[in-house]
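Colleague: have a look at this prediction, sequence included:
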Amino acid sequence: QVQLVESGGGLVQAGGSLRLSCAASGLTFSAYSMGWFRQAPGKEREFVAVITWSGTSTYYADSVKGRFTISRDNALNTVYLQMNNLKPEDTAVYYCAANRLGSTRERTEADFRSWGQGAQVTVSS
């Protein structure tokens, strides 16, 4: 079955950087758009970024645009989220998710059928 495993989370000071990775198995990775979502304590899970199967198109939430970059390596079945200039409000559990043949227009939780277990990112002020 599909398995998505996030790594790279941790504690960082405001203004710092982290890179999350999500390793996928059990699927034809190059046929899936990949997304990142996050859930802060007491809040609903929200969309962060998405990248199409080819890697040629991306879309970001306004709150992270210009600071976060999503990328993928289809040879390694891995999607990344480079997070720069982190802010305390970026503190959340970050999840990667897979959407078969999806586009960047599909950015809701319901569009993604497979999910990782999440990685904690904590940004201190």
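Modeller: Structure received.

Colleague: hang on, residue 98 in a strand?
Modeller: Yes: membership of residue 98 in a strand is supported by DSSP: H, G, I helix; E, B strand; the rest coil.

Colleague: hey, what's the most centrally placed residue in the chain bridged with?
Modeller: Residue closest to the average C-alpha location in the chain (C-alpha atoms, centre = their mean): residue 36, at 2.3 Å. For residue 36, the beta-bridge partners are residue 49, residue 96 (DSSP bridges).

Colleague: touching, it and residue 20? I think so.
Modeller: Yes: if you go by C-beta atoms under 8 Å, residue 36 and residue 20 touch, sitting 7.2 Å apart. (Glycine included, C-beta is placed from N, CA and C.)

Colleague: which neighbours do the two share?
Modeller: Common contacts of residue 36 and residue 20, defined by C-beta atoms under 8 Å, 6 or more residues apart in numbering, comprise 81, 94, 96.

Colleague: mind listing the strands for this protein?
Modeller: Using DSSP state E, the strands of the chain run over residues 3-7, 10-13, 18-25, 32-39, 46-51, 58-60, 68-73, 78-83, 92-100, 114-115, 119-124.

Colleague: what's the closest non-adjacent residue to the most far-flung residue of the chain relative to its centre?
Modeller: Each residue of the chain has a distance to the centre, and by C-alpha atoms, centre = their mean the biggest one is for residue 125: 22.7 Å. In this structure, residue 125 finds its nearest non-sequential neighbour in residue 88, 4.7 Å apart by C-beta to C-beta, 6 or more residues apart in numbering.

Colleague: cool, residue 116 as well?
Modeller: Closest residue to residue 116 apart from its sequence neighbours, by C-beta to C-beta, 6+ apart: residue 4 at 3.7 Å.

Colleague: in the sheet, who's paired with that neighbour?
Modeller: Where residue 4 sits in a bridge, its partners, by DSSP bridges, are residue 24.

Colleague: so what's the residue count around residue 73?
Modeller: 12 (other C-beta atoms under 10 Å).
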